[in-house]
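Q: sequence plus the predicted model coming up.
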Amino acid sequence: MRGLRDFLGRWSGGLVLLALWLALTLMTPRFLTPSNLLNVALQSSILAVVALGMTLTIISGGIDLSVGSVVAFTGALTAGLMVRNSWPVGGAILVGLAAGLAMGLLNGALVIYGRLVPFIATLSTMAIARGLTLVYTRGYPISGLPEAFTFLGTGDVLGIPMPVLVMMAVAAGISLLLNHTPWGLHLYAVGGGEDLAWLSGVRVKRIKGLVYGMSGLLAGLGGILLTARLWSAQPNVGIGLELEAIAASVLGGASLSGGYGSVRGTLVGALVMGTVGNGLNLLEVPSYHQQIIKGLIFILAVGLDQLLKTGPLSARSIPMRRRGAS
Amino acid sequence: MDHPSAERMRGLEQSAKVMLGFGALEARERWTRVGLVLTLAAFCAVLSLLSPRFLTSSNLINVVRQASINGIIAVGMTLVILTGGIDLSVGSVLAFTGVVAASLVTAGQPSALAMVSALILGSLLGMLNGAAVAYLRIPPFIATLGMMTVARGLALSYTQGRPITGFPESFRWLGAGWIGPLPVPILVMALVFGLGGFLLSYTVFGERLLAIGNNPAAARATGIPLRQHLVLTYGLSGFLAALAGLILIGRLDSAPPTLGVGYEFDAIAAVVIGGTRLSGGEGWLGGTLIGALIIGVLNNGINLLNIPSFYEQVFKGGVIAAALLLHRALRRE
């Protein structure tokens, strides 16, 4: 019984994904075609890049609500530098990534030195980054991007779209970091129990600062990819993206109380979210209803995950406290 | 991460508190409350220097009236946060219950029926949140996030994205009416804070909420019906969101489905600025009132000083973060 539960708990994300694919294949002939599957991969890859950063913050016992706004801000800044100030593509991308990193480090500083709860700290920077985006764009989209830049979002190498390639590189890098370096071990230790990690000599502050910095950096990368894919920077892009990223992480087995989470799981979670979006479009569900269905799937998936992981219902393990909240 | 000696100091403080029967901690707590009132006073002072229109009675009434909607939601949020949870769905619940009430009243139903239906619907949606937390054991953050999306989708599909307008006078009274020299929303807010304070300080339910937030396992061990209390608390939050929605659409004379986007941010900010601990178990409803007023004054200042709307969010996010940092600094030392 325990073995079965372990198996289910470990693979619940994958099982949900399989069930979804099966259901969609039965419901519409247009789902299981090579071009549509490529589309799903494309839709999921940008979310996956952002969600991997989110997973790092969740493993550390925190959360980063600012990613959606950081995506919008870095996208607008990169596009603005190229279009308004005719910067070269490489320079603009570097500045965009640096801006994302800076927003992330600001989050880290607020959490470490300001001792704010991550939830509140990143909620504030979410408002600030969105506001900065509106100030910078004056509420208008920035378009007319150079070809070399939009290639990042729409081009492909050997038939594999660029965003998918970037996502694979990011996933490989973070997987290496988490599983094969002392840093990864220390990160899980911090999420498992900060006090104990500190007493064992883990540099807790440095780890947490880096985690938020990386989340900001990856959100910046996501913003650049998204801008390139949409051929323009929209000031309202990325609203609600933090929810999808959190959902992808949690579906992938990350625990909001910290200490758990994996690259593989988050990729599966992002694929689930991408599949749901793709399926609802294929089935021509009106956009208002899509929101309701996505919300319900979100709750049910997490509820099911909780059930599979912890077994029969008992009030003892009602998750009451958010980690890092005290 | 605290140094172990800081940890020990806090332990000493705890024992001092026990020996002296409230001591150093109480005094510090009192100081942070004084600090909170001073912060509000400082905001008001700065604004009255910057704009001569701030310190007029009509503007001050306006500030409180605008703060009342956030204040009412924040009372429910305080209760939920005291149990160690959070309610992100308030803005969407406000919108869905608002458009339902609006559609009933424009279809010719009596205003009272429309209002009561909205309040019941809000309570039910809130109780669903509570049930998801208490029975399905979904983290409050996730459960209410899902409800936020679902209720917003319901509001949008119910209205097909179009606002509902043109309400009878009796329906608008809650948001736009006056009793004597005071607007109805201010009186409703005063009533809600009064009842909320009574609930927390003078009833068994309030005592138990704090116990649940402090230590859920211990609370359960002492026989507190944890699940029922959670369902009830989230239900209250939904009820108050619906009430705030009725005030808002009464004042606007219109119920767009996009109502209340981002209201959860203001409500949480009011609660946290007011000194309620986000991990639950410790809080002060009076602080929430002051927090709501601080945010109201901030909004009013943005209007009075003609700060462009693009800067509004940068400004607000920055000021709220600064206020919280200051609060933390005052509290620690």
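A: Received it, and whenever you're ready, just let me know what you need.

Q: state the helix or strand in which the residue nearest the centre of chain A lies.
A: Centroid-nearest residue in chain A: residue A:51, 1.6 Å away (criterion: Cα atoms, centre = their mean). According to DSSP states H and E, residue A:51 maps onto helix A:34-59.

Q: chain center to that helix: distance?
A: 7 Å (Cα atoms, centre = their mean, to the nearest Å).

Q: list the buried residues of it.
A: Buried residues in helix A:34-59, defined by neighbour count with 16 or more other Cβ atoms under 10 Å in any protein chain shown: A:36, A:39-59. C-betas here are computed from N, CA, C, even on glycine.

Q: ditto for stretch B:174-187
A: Applying 16+ other Cβ under 10 Å to stretch B:174-187 flags B:174, B:175, B:176, B:183, B:184, B:185, B:186 as buried.

Q: inside strands: which ones of the residues you listed?
A: Of the positions in the buried residues of stretch B:174-187, residue B:183 sit in strands, assigned by DSSP state E.

Q: so which of the buried residues of stretch B:174-187 is the closest to residue B:80?
A: For these, the residue nearest residue B:80 by Cβ to Cβ is residue B:185; the value is 22.0 Å.

Q: which pLDDT value belongs to that closest one?
A: On pLDDT, residue B:185 comes in at 96.

Q: list the contacts of it.
A: B:65, B:68, B:69, B:174, B:175, B:247, B:251 (Cβ atoms under 8 Å, 6 or more residues apart in numbering or on different chains).

Q: and residue A:109, by the same measure?
A: Contacts of residue A:109 by Cβ under 8 Å, 6+ apart are residue A:209.

Q: what's the mean pLDDT across the one helix or strand it maps to?
A: Using DSSP H and E, residue A:109 falls within helix A:89-112. Throughout helix A:89-112, pLDDT has a mean value of 95.

Q: where does pLDDT dip in the stretch 1-150 of chain B?
A: Segments of the stretch 1-150 of chain B classed as low confidence (criterion: pLDDT under 70) are B:1-28.

Q: still on that earlier bit, measure the residue nearest to the centre of chain A to residue B:118 for me?
A: Using Cβ to Cβ, to the nearest Å, we find residue A:51 at a distance of 37 Å from residue B:118.

Q: try residue A:285
A: 27 Å.

Q: also residue A:209?
A: Distance from residue A:209 to residue B:118, by Cβ to Cβ: 46 Å.

Q: the two: which is more packed in?
A: residue B:118 (28 against 19; other Cβ atoms under 10 Å in any protein chain shown).

Q: so which strand or helix has that one?
A: Per DSSP H and E: helix B:111-134 holds residue B:118.

Q: just the buried residues of that helix, please?
A: B:111, B:114-115, B:117-119, B:121-134.

Q: next structured bit after that helix?
A: Next along from helix B:111-134, by DSSP H and E: helix B:140-159.

Q: what about that following helix and chain A, touching?
A: Yes: between helix B:140-159 and chain A, judged by Cβ under 8 Å from any Cβ of the partner chain, the touching residues are B:140-143, B:145-150, B:152-154, B:156-157.

Q: stretch B:122-133 too?
A: Yes: Stretch B:122-133 comes into contact with chain A (Cβ under 8 Å from any Cβ), by way of B:132, B:133.

Q: using PDB, list the CA coordinates for that stretch.
A: These are the backbone C-alpha positions of stretch B:122-133, laid out as PDB (Å, rounded to 0.1, in the frame of the first residue of the first chain):
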ATOM      1  CA  GLY B 122     -20.800  35.300  -1.000                       C
ATOM      2  CA  SER B 123     -21.000  33.300   2.300                       C
ATOM      3  CA  LEU B 124     -21.400  30.000   0.300                       C
ATOM      4  CA  LEU B 125     -18.400  30.800  -2.000                       C
ATOM      5  CA  GLY B 126     -16.400  31.600   1.100                       C
ATOM      6  CA  MET B 127     -17.500  28.400   2.800                       C
ATOM      7  CA  LEU B 128     -16.400  26.400  -0.300                       C
ATOM      8  CA  ASN B 129     -13.000  28.000   0.200                       C
ATOM      9  CA  GLY B 130     -13.100  26.900   3.900                       C
ATOM     10  CA  ALA B 131     -14.200  23.400   2.900                       C
ATOM     11  CA  ALA B 132     -11.400  23.000   0.400                       C
ATOM     12  CA  VAL B 133      -8.900  24.000   3.100                       C
END
